[in-house]
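>>> Quick one, what's the 3D model for this:
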Amino acid sequence: MAAAGAANTEMRELWMPGSEVPIMCTLSPNKMVDRLAEFASLFAESLTGVEREPLRLRLTFDADQAREAQLRGVFEAEQECCAFLRFAFERTGAGLKVEVTAPQEAGPTLDGMQALAERNAPPEVVAVGWTG
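Presented below is the predicted three-dimensional model:
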């Protein structure tokens, strides 16, 4: 019994060093497809900026009150299935900033969200900072 407990402890440390929250999404594959489609649609319709640091992704949206409520709803639903991510919201003059932070072990999750945002954003959003 002690050996099983020790193995469990080691596994927990690999999954969630210093945390009780596993680095995993709890959505079923079908619901994950639906969620990705929701994000893709919102990114295409209202994303105006993407900024990235290693463990932080900032997304800026053009959002009236109705769109803000929709954005908050999708990100809050994401918080439920990906509890290891943290979301912060800031209302700006023209919209909403969403800051997504992840623990070190979940950096690839931010890579995926950034790629989805940039793939679906209007071209002028993705081209900011490009020269050529």
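
>>> quick one: the helices in the protein?
Along the chain, counting by DSSP state H, helices occupy 2-15, 29-46, 65-81, 107-120, 123-126.

>>> between the ones you listed, which gets nearest to residue 59?
helix 107-120 (6.1 Å; Cβ to Cβ). Glycine gets a C-beta too; all of them are placed from N, C-alpha and C.

>>> least reliable of the helices of the chain going by mean pLDDT?
Lowest mean pLDDT within the helices of the chain: helix 2-15, a mean of 35.

>>> Residue 78 contacts residue 35, doesn't it?
Yes: using Cβ atoms under 8 Å, residue 78 is in contact with residue 35, at 6.9 Å.

>>> What's opposite the residue lying closest to residue 59 once chain neighbours are set aside in the beta bridge?
Take residue 59 and drop its neighbours on the chain: the residue closest to it by Cβ to Cβ, 6 or more residues apart in numbering is residue 98, 4.7 Å away. Beta-bridge partners recorded for residue 98 (DSSP bridges): residue 59, residue 89.

>>> what's the neighbour count on residue 98?
A count of nearby residues for residue 98, using other Cβ atoms under 10 Å, gives 20.

>>> From residue 60, how far off is it?
8 Å (Cβ to Cβ, to the nearest Å).

>>> got it, and residue 47?
For residue 47, the distance to residue 60 - Cβ to Cβ - is 7 Å.

>>> neighbour-wise, which of these two wins?
Comparing residue 47 with residue 60 by other Cβ under 10 Å, the one with more neighbours is residue 47, at 24 against 20.

>>> Now do the contacts for that one.
The contact partners of residue 47, by Cβ atoms under 8 Å, 6 or more residues apart in numbering, come to 59, 60, 61, 117, 120, 121, 122, 125.
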